[in-house]
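Trainee: model this:
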Amino acid sequence: MRGYNKVILMGNLTREPELKFTPKGTAVAKFGLAISRVWYNDAKEKREEVTFVDVDAWGKQAETIAKYCKKGNPLFVEGRLKLDSWDDKKSGEKRSKMGVVLENFQLLGDGGKPRDQAEHPNESKAKSRPPATPVDGADSDDEVPF
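Mentor: As a prediction, the model looks like this:
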């Protein structure tokens, strides 16, 4: 039987995306996402739980995220789970970490301004930017399904 590996998350970036390039020139952006869940217990007290997830984006998507996203920005992410395993250099023990490999995403929040413009909103509006295009190739009229 074939498996199915799909993750859909919406949260806020926990740090600035870290953009690097492989030796062959492929862009890789690594960032953290914080996903909050709020509920009320039996005593009607508000409770909150935050889950932190590490996300890896590749190629043009990595470059776009590095350009338009900053710490605190909301982001909608679709991807797949990936388990990384390694031997700890100090203890020699096997270690592992679950993360997400980004497949598609949607910018949320401040209209997708480049990070340098988002940080300086009072600068001249004369600077032009290319029109936003959906990263996954879908129509721009698509909406988040919730």
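
Trainee: Next up, the contacts around the nearest residue to Lys82 once chain neighbours are set aside.
Mentor: Leaving aside its sequence neighbours, Lys82 sits nearest to Val101 (C-beta to C-beta, 6 or more residues apart in numbering; 5.0 Å). C-beta coordinates here come from the backbone N, C-alpha and C atoms, glycine included. Contact analysis of Val101 by C-beta atoms under 8 Å, 6 or more residues apart in numbering lists Val55, Asp56, Trp58, Gly79, Arg80, Leu81, Lys82.

Trainee: 7 Å instead, please
Mentor: Neighbouring residues of Val101 by C-beta atoms under 7 Å, 6 or more residues apart in numbering: Asp56, Gly79, Arg80, Lys82.

Trainee: With just CA atoms, put the helix or strand hosting it into CSV.
Mentor: Assigned by DSSP states H and E, Val101 falls within strand 94-107. Provided in CSV are the C-alpha atoms of strand 94-107 (Å, rounded to 0.1, in the frame of the first residue of the first chain):
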residue,chain,number,x,y,z
LYS,A,94,21.4,8.5,17.5
ARG,A,95,19.3,11.7,17.2
SER,A,96,16.4,12.6,15.0
LYS,A,97,14.1,15.5,14.3
MET,A,98,10.9,15.8,12.4
GLY,A,99,10.5,18.7,10.1
VAL,A,100,8.5,19.9,7.1
VAL,A,101,9.7,20.2,3.5
LEU,A,102,7.7,23.0,1.9
GLU,A,103,5.8,22.3,-1.3
ASN,A,104,3.5,25.3,-1.6
PHE,A,105,2.9,28.4,0.5
GLN,A,106,0.7,31.5,0.6
LEU,A,107,1.9,34.9,2.0
